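>>> Give me a 3D structure for the following:
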Amino acid sequence: MARGKGNAAQGLVQVYTGNGKGKTTAALGLALRAAGHGMRVLVIQFLKGDRACGEHLYVARHRPFDIVQLNTSSSLVQTADELRPLTEQTLSLAREAVAEGNYDVVVLDEILVAASKGLITTGQVLDLMRSKAERVELILTGRGASPEVIQQADLVTEMVAVKHPFARGVTARRGIEY
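Below is the predicted model:
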């Protein structure tokens, strides 16, 4: 992706999936890199509900890019019936952002989990991918990417869990996992 200010190269669709750690981290790293080059970046988080996580704290202080999270509760304790309307609202926002082309990079964090849990359909994700403005770089993250999404994407990275301290009972650490 050799783009900079004023260079209207075609944007690609990237997918970060798999059971390993690092999908959101990779997407946020890309967002920060793009912002560093003067690109307009929007991160939309599906499902997550913790605005005290590191990326929100950093963005609030430094404003490198826009970040949106409609869910204000923990998705880990919410039912599908509670999550579905929030997910639909988030999807609507994502459709608009991707199609309008006002951003150079749009990250849809955990959209693949929303689809794998049946909160939105794979068809909706595929439609969103097809509807993106030509120059928008679209990043989709989350476990459980469907074969159809993988087939349609330009770049797919699968994070593989080889070893993780969670298996030894080490819980999520502030500044590292969130």
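
>>> Any idea what the most centrally placed residue in the chain is bridged to?
In the chain, the centroid-proximal residue (CA atoms, centre = their mean) is Asp109; its distance is 1.8 Å. Per DSSP bridges, the residues bridged to Asp109 are Gln45.

>>> quick one: it and Arg143 touch, right?
No: if you go by CB atoms under 8 Å, Asp109 and Arg143 don't touch, sitting 12.0 Å apart. (C-beta placed from N, C-alpha, C; glycine too.)

>>> tell me the strands in the protein, going along the chain?
If DSSP state E is used as the criterion, the strands of the chain fall at 13-17, 41-45, 66-68, 105-109, 137-141, 155-158.

>>> how about those in a markdown table, adding mean pLDDT and distance to Gly123?
Below are the strands of the chain laid out as a markdown table (pLDDT from 0 to 100; distance: least, CB to CB, whole Å):
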| stretch | mean pLDDT | distance to Gly123 |
| --- | --- | --- |
| strand 13-17 | 98 | 16 |
| strand 41-45 | 97 | 19 |
| strand 66-68 | 95 | 23 |
| strand 105-109 | 98 | 15 |
| strand 137-141 | 98 | 14 |
| strand 155-158 | 98 | 19 |
